[in-house]
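*Asks:* how would this look folded up:
(one chain, ligands or ions: 1)
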Amino acid sequence: MRHYELICPGCGAVLEDRYTLSCPQGCDALIRARYRRKKLNLRNELGIFRFADWLPIEGTLKAAAGPVTYRSEGLARDLGLKNLYIGFNGYWPERGAEIHTCSFKELEALPTMVRVRETGDGTLVVASAGNTGRAFCQTVAATGGQVVVVVPEKAATRLWTTIETDQVCMVLVDGDYSDTIAVADALCTHPSLLPEGGARNVARRDGMGTVMLDAAVTIGRLPDRYFQAVGSGTGGIAAWEAAMRLVEDGRFGSVLPRLHLAQNLPFVPMVRAWEAGRREIVPAIDMPDARTAVAVVYADVLTNRKPPYGIGGGVFDALTATRGAMHAVTNPAAEAAARWCEEAEGIDLDPAAAIALAALADAVETGSVGPDEAVLLNLTGGGYRRVAEDHEQYRIEPAFRVSADVETAALAGDVLSWVRNHA
Ligand SMILES: Cc1ncc(COP(=O)(O)O)c(C=O)c1O
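*Replies:* Have a look, this model is predicted:
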């Protein structure tokens, strides 16, 4: 018997895990993992697998990548915050941060690869604007298996690993992130190609949720506030779900941290829908001229046009349950935040992490966060310069280059031949 079961919060059904991504009854809700242990137990494992009792997997991997939390001095002083904790999810070995591909997406990729081996049947397909794909490539390089990554042409240079691999089938799409998602979805209509699942994948959410678990263990209680930059919002949902488990545990407090989720202007669909009090994103109102907006943002990994916002247990529900807020950040504010972090903390940031910091600065300035509150700032990526000093970077070569309107049935056949020939 597994140490978890899957629950549909829509109809209450208990589901067996067959790499299950949604409720067979068709409920419009994110299925969740329910763990047998209600008290957080830290295992004597490396990195993220310390938290394996609250991950939907049986086995673990020998991988040092995991969440790291530390109490800030530099940014805390500049912001006038007495209890600012940084969840640093990138590469910074001096702080124990060993994520070689420099973003928290490795926290999603590691448990997902274990879950797919244990419960799935087929080759995983991942659509990515760069960071997620790189994280899956690294996980495959370090721990085995194969993966198909579908990325926009202009993100090709973002796919590298610090360990050489020939087990990644990279499909480059001549289009933006949304075109990439459409091609990946179409590929997955083939039975041997498995959709990774995004927000619907419990391994992905609970992997990201370890940032909250690590923070609670480090601080000794749940933080009052949680700041993160979002594209899909999956990290925000995961933080909320992890916090609910910690409340149920009973040792970390009873109040859920308020979620502060940030997007990059001018592409801010969830900010607009939330501020209008709507559960639905209305494209014409919330993301007019999407293509133009996507093209000019500083943090393009945040440009998901179909985030799990209105779905049951999605971003809207997470914000409602935590009395949360959405923030919109300009490019110049984010660029300034990146420089500031480098001076104050001594590490370079992923543009998305700079968005989160700029949002925190704004919330402090407007008085919505008080100086004594315990704040968890999830710096979701960084340390790119630092990793380049310590490790070789091997570029992933494309297996296929396609246009956004490619004939996907034929492409699926080509991809599967590639996978078989490289196994
Ligand atoms: C570095 C980084 N931060 C934040 C995000 C947003 O993550 P999500 O909206 O899935 O929680 C991404 C998404 O790719 C990312 O790469």
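
*Asks:* helix or strand for Val173, which one?
*Replies:* Assessed by DSSP states H and E, Val173 sits inside strand 168-174.

*Asks:* on contacts alone, who are the packing partners of that strand?
*Replies:* Secondary structure elements in contact with strand 168-174, counted by 3 or more Cβ pairs under 8 Å, 6 or more residues apart in numbering; DSSP states H and E, are helix 131-143, strand 147-152, helix 177-187, strand 398-403, helix 408-422. For every residue, glycine as well, the C-beta is placed using N, CA and C.

*Asks:* could I get the ones you listed as CSV with distance to the ligand, mean pLDDT and mean neighbour count?
*Replies:* What follows is the helices and strands packed on strand 168-174, written out as CSV (distance: least, Cβ to the nearest ligand atom, whole Å; pLDDT from 0 to 100; neighbours: other Cβ atoms under 10 Å):
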stretch, distance to the ligand, mean pLDDT, mean neighbour count
helix 131-143, 3, 96, 25
strand 147-152, 12, 96, 27
helix 177-187, 9, 92, 21
strand 398-403, 20, 97, 16
helix 408-422, 23, 96, 15
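
*Asks:* need these in a markdown table with distance to Ile57, can you?
*Replies:* Rendered in a markdown table, the data for the helices and strands packed on strand 168-174 read as follows (distance: least, Cβ to Cβ, whole Å):
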| stretch | distance to Ile57 |
| --- | --- |
| helix 131-143 | 12 |
| strand 147-152 | 17 |
| helix 177-187 | 23 |
| strand 398-403 | 28 |
| helix 408-422 | 23 |
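
*Asks:* Looking at those, which is nearest to Gly66?
*Replies:* When the helices and strands packed on strand 168-174 are compared by Cβ to Cβ, helix 131-143 sits nearest Gly66, at 13.0 Å.

*Asks:* Now do the closest one and helix 177-187, the angle between them.
*Replies:* Relative orientation of helix 131-143 and helix 177-187, computed by axes from the mean of the first three to the mean of the last three Cα atoms, to 10 degrees: 50 degrees.

*Asks:* Can you name the residues bridging to Val14?
*Replies:* According to DSSP bridges, Ile7 are recorded as the beta-bridge partners of Val14.

*Asks:* List the contacts of it.
*Replies:* When contacts are counted by Cβ atoms under 8 Å, 6 or more residues apart in numbering, Val14 is found next to 5-7.

*Asks:* Check the residues you listed for burial and list the buried ones.
*Replies:* 5-7 (16 or more other Cβ atoms under 10 Å).

*Asks:* now, which of the contacts of Val14 sits nearest Thr320?
*Replies:* Nearest to Thr320 among the contacts of Val14: Ile7, at 19.8 Å, using Cβ to Cβ.

*Asks:* ok now do the closest one, which residues does it touch?
*Replies:* Residues counted as contacts of Ile7 (Cβ under 8 Å, 6+ apart) are 13-15, 31-34.

*Asks:* Tell me the buried residues within the residues you listed.
*Replies:* Buried members of those, scored by 16+ other Cβ under 10 Å, are 31-33.

*Asks:* Closest to the ligand out of those residues?
*Replies:* Comparing the buried ones among the contacts of Ile7 against the ligand with Cβ to the nearest ligand atom picks out Arg32 as the nearest, at 16.5 Å.

*Asks:* wait, that closest one sits on Leu6?
*Replies:* Yes. Using Cβ atoms under 8 Å, Arg32 makes contact with Leu6 at a distance of 7.1 Å.

*Asks:* So which bits of the stretch 301-423 of the chain are right by the ligand?
*Replies:* Taking Cβ under 6 Å from any ligand atom as the criterion, the stretch 301-423 of the chain approaches the ligand at residues 301-302, 350, 352, 380-381.

*Asks:* Show me the two of the residues you listed that sit farthest apart.
*Replies:* Across these, no pair lies farther apart than Leu302 and Gly381, at 11.3 Å, counting by Cβ to Cβ.

*Asks:* So those two - more neighbours on which side?
*Replies:* Counted by other Cβ atoms under 10 Å, Leu302 and Gly381 do not tie: Gly381 has more neighbours, with 30 against 26.

*Asks:* burial measure for the closest residue to the more buried one other than its chain neighbours, as a count.
*Replies:* Taking Cβ to Cβ, 6 or more residues apart in numbering, and ignoring the residues beside it in sequence, Gly381 has Asp350 as its nearest neighbour in space, at 2.8 Å. Using other Cβ under 10 Å, the number of residues around Asp350 comes to 25.

*Asks:* How about Asp174?
*Replies:* Applying the criterion other Cβ under 10 Å, we find 15 residues in the vicinity of Asp174.

*Asks:* Enumerate every residue touching it.
*Replies:* The contact partners of Asp174, by Cβ under 8 Å, 6+ apart, come to 153, 401-404.

*Asks:* Many thanks, we can stop here.
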